[in-house]
Structures are given as C-alpha cells and as structure tokens.
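Chemist: Got a predicted structure plus its sequence, pasted below:
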Amino acid sequence: MVAEIISVGTELLLGNIVNTNAQYLAGRLAELGFDLYYQTVVGDNTAHLKAALDVAYSRAELVILTGGLGPTKDDMTKEMLVSYFGKKLTFDPEVFQNVVKQVHAFGATEITENHRKQAMVPNDSIILINEHGTAPGCVMQQEGKIAVLLPGPPREMKPMFEQCVEQFLIKLVSKSIASVCIRLKTREQAPADRVGELPVARKLDELLDGENPTVATYAQEEGVLVRVTAAAPTPCRRPAYGAHGGGQVLCTHRRRCHQRGYGTVTRKEYYGTGNVEYLYRDQDPRMQSEHRFHQ
C-alpha cells in the first residue's frame, strides 16, 4: 500500500521548528512495509490543505497528517478533513473527560469553549485518545481513502502512533521490509580511492541495479553508508520472515559487501519485529561468525 505524509503548520514552512514528525513517521511506515514516495508540508490554510489532499490521494491510499488539531482558530486540520470526507462533528463525552483530565494535569483549572472544541470528533471514525495532551487523533475512511490525523507535538504524536495507529496500519500491509546499513571507513582511516562513494559504487556495480534487495550508497562525513533493503511478501509480524523472504537475500548481499573489504556493520536497522536479527544471531550457527553485528 502507498502512503503519504502531510505535515500541517505554518511554523514548519517558516523554519521555526524542525519537522521531526515526518522523519519519525517515514521510518515507522517503512518498518511496517508501506511504500512512501512523497512528503508535503502545508501551512495552516484550508484551501492549501485541500489541494494537498487532492494531490496526495491521486497517488496514495493512506495519508497521515500531523498538526492542526489544537484548540485555537488556526488549528483547522480536523475541520478540513471532516468536510473533505463528508462527515459531521459530534460531541464525545469520553474525549471531553480526557481533555479535562489533561488540562488539570497541566496545572490549569478553567475549562473553556476551546477545550470543548477538542471533544468534537468526526462521526463514523476511529477516535484516538490522547494520553499526553488534549487533542485527540482519529482515523477516517471512505471510498478507499484512509486518513490518519495525529497531533503535532512529538511527545503526543509518537505514543499515539505506537500505541494505537500501528495496530490499525499493520492490518493493511502484505509485505515485510528489512534494512541494514554498512558504515565504511573514513578517508582518514583508509585511502579515498577505496572508501569514497564513487569507487565504492563502482565496486558494488550490479548490486546497485537490483530491485529486491535494493542497494544504495550515501556520502557522509563519518564515512560512506551502504544501505541494503529487502522486502518479503509476508506481513511483518510473521516469524517466517527472513528465513523465507527478503532477510535471506539481504544476508547474501551483506556478505558480498564484506568480501569486498570496505567496512563492517556498525549500525543496524530492523524493520518489523526483529526476526531478522534473531535469524542471523541465533537460528543459524553457520552465519554467526561471518555475519556478526557490531554495535
């Protein structure tokens, strides 16, 4: 399934804050097996957000939005999506009770109409209670389009995604993805004609043209990074991943990189439940020495 991220907030466009939400969500969506091709940042403007949604749904089935769920007038994401999906806002007593609880937890005592606004949620939707703030999230679905609305503050967005949204999204994917990054030596540690991005790319040669797994090189100050990513046609929660899919191919390509003598695995990334790590470290003793992970 193809997903897209829309980050809402004029403060993002002005460079007042760094968009860490998009970075986090992109990584989590990849872990779950979604294809992500575009990210969009849009200001607090209903017309601009509608235009962004039109474009997003022309190329993706799932759109995750962050920001614009607060109690002030410029927070218009929820209202825009309600109109976009043809739904209605209804008062939810449970959500309001949580809003009051969070307001008191912040040390405030007065409950205003703005707080009551946050208890107005779209009908026929999945409502996500915010355990770390006052703005609830939600999931809307209609005619093959799915929208997930999450609060903007990372301390609220991340727990909501991990505790609620991930369980919903995992039912939508039909593949698992695993990725390993191989950190090469720096030019101070080895000759530049051996560890520079261009010579490394030349040596990897046909591996860079593969479709599954894909191999890519990135020039960084701390040493060139070689990323190997493989996909398997099994949901990421199934233990069979790796042994029968992308993990096995990933292992082969990682071994080829080692044989060319450019570096060691200094950073590991596992997409899914960590079954690839378990496979390489424990299940097959023949691979323990040759494919050891270095932390």
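Modeler: Happy to help now that I have it.
Chemist: In stretch 62-79, which residues are buried?
Modeler: Using 16 or more other C-beta atoms under 10 Å as the test for burial, stretch 62-79 gives 62-71, 75-79. In this view, the C-beta of every residue, glycine as well, is placed from N, C-alpha and C.
Chemist: do the same with stretch 161-173
Modeler: Residues 161, 164-165, 169, 173 are the ones in stretch 161-173 that count as buried (16+ other C-beta under 10 Å).
Chemist: Same check on stretch 31-50?
Modeler: Neighbour count says stretch 31-50 has 31-36, 39-44, 48-49 buried, by 16+ other C-beta under 10 Å.
Chemist: wait, which of the residues you listed is closest to Thr112?
Modeler: Ranked by distance to Thr112 (C-beta to C-beta), the buried residues of stretch 31-50 are led by Asp44 at 20.2 Å.
Chemist: The closest one in helix, strand or coil?
Modeler: When classified by DSSP: H, G, I helix; E, B strand; the rest coil, Asp44 comes out as coil.
Chemist: Give me the secondary structure label for the nearest residue to it once chain neighbours are set aside.
Modeler: Of all residues not flanking Asp44 in the chain, Asp74 sits nearest, at 4.4 Å (C-beta to C-beta, 6 or more residues apart in numbering). Under the three-state scheme (three-state DSSP), Asp74 adopts coil.
Chemist: can you confirm Val165 is in a strand?
Modeler: No. Applying three-state DSSP, one finds Val165 to be helix, outside a strand.
Chemist: Now the residue nearest to it when sequence neighbours are not counted. Its backbone dihedrals?
Modeler: On the basis of C-beta to C-beta, 6+ apart, the spatially nearest residue to Val165 that is not a chain neighbour turns out to be Val148, at 5.7 Å. Note on Val148: its backbone torsions stand at phi -120, psi 120 [degrees, to the nearest 10].
Chemist: Kindly report the same for Gln23.
Modeler: Dihedral angles of Gln23 (phi, psi; degrees, to the nearest 10) stand at phi -60, psi -40.
Chemist: so how far is Val103 from it?
Modeler: From Gln23 across to Val103, the span is 30 Å (C-beta to C-beta, to the nearest Å).
Chemist: Next: Gly9.
Modeler: Distance from Gly9 to Val103, counting by C-beta to C-beta: 22 Å.
Chemist: contacting residues around Tyr37?
Modeler: Applying C-beta atoms under 8 Å, 6 or more residues apart in numbering, one finds that Tyr37 lies in contact with 2, 4, 59-60.
Chemist: what comes into contact with the helix or strand containing Glu156?
Modeler: Element membership for Glu156 (DSSP states H and E) is helix 154-160. Defining contact as C-beta under 8 Å, 6+ apart, one finds that helix 154-160 is touched by 20-21, 24, 66, 128, 130-133, 135, 137, 150-151.
Chemist: Dump that helix to CSV, restricted to CA.
Modeler: C-alpha atoms of helix 154-160 as CSV (Å, rounded to 0.1, in the frame of the first residue of the first chain):
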residue,chain,number,x,y,z
PRO,A,154,6.1,14.8,19.1
ARG,A,155,5.6,13.9,22.7
GLU,A,156,1.9,13.4,21.9
MET,A,157,2.2,12.1,18.3
LYS,A,158,4.7,9.3,18.9
PRO,A,159,2.9,7.5,21.7
MET,A,160,-0.4,7.7,19.9
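Chemist: farthest pair in the buried residues of stretch 62-79?
Modeler: Leu62 and Pro71 (26.9 Å).
Chemist: Tell me where this structure has strands.
Modeler: Ranges of strands in the chain, per DSSP state E, are 2-8, 35-42, 62-66, 89-91, 120-122, 126-128, 137-142, 145-150, 176-184, 214-218, 225-232, 263-269.
Chemist: okay if I get these as JSON lines plus distance to Ile111 and mean pLDDT?
Modeler: Shown next, in JSON lines, are these (distance: least, C-beta to C-beta, whole Å; pLDDT from 0 to 100):
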{"stretch": "strand 2-8", "distance to Ile111": "26", "mean pLDDT": "97"}
{"stretch": "strand 35-42", "distance to Ile111": "31", "mean pLDDT": "95"}
{"stretch": "strand 62-66", "distance to Ile111": "26", "mean pLDDT": "98"}
{"stretch": "strand 89-91", "distance to Ile111": "14", "mean pLDDT": "93"}
{"stretch": "strand 120-122", "distance to Ile111": "14", "mean pLDDT": "93"}
{"stretch": "strand 126-128", "distance to Ile111": "19", "mean pLDDT": "94"}
{"stretch": "strand 137-142", "distance to Ile111": "21", "mean pLDDT": "95"}
{"stretch": "strand 145-150", "distance to Ile111": "23", "mean pLDDT": "97"}
{"stretch": "strand 176-184", "distance to Ile111": "45", "mean pLDDT": "74"}
{"stretch": "strand 214-218", "distance to Ile111": "50", "mean pLDDT": "83"}
{"stretch": "strand 225-232", "distance to Ile111": "49", "mean pLDDT": "78"}
{"stretch": "strand 263-269", "distance to Ile111": "44", "mean pLDDT": "43"}
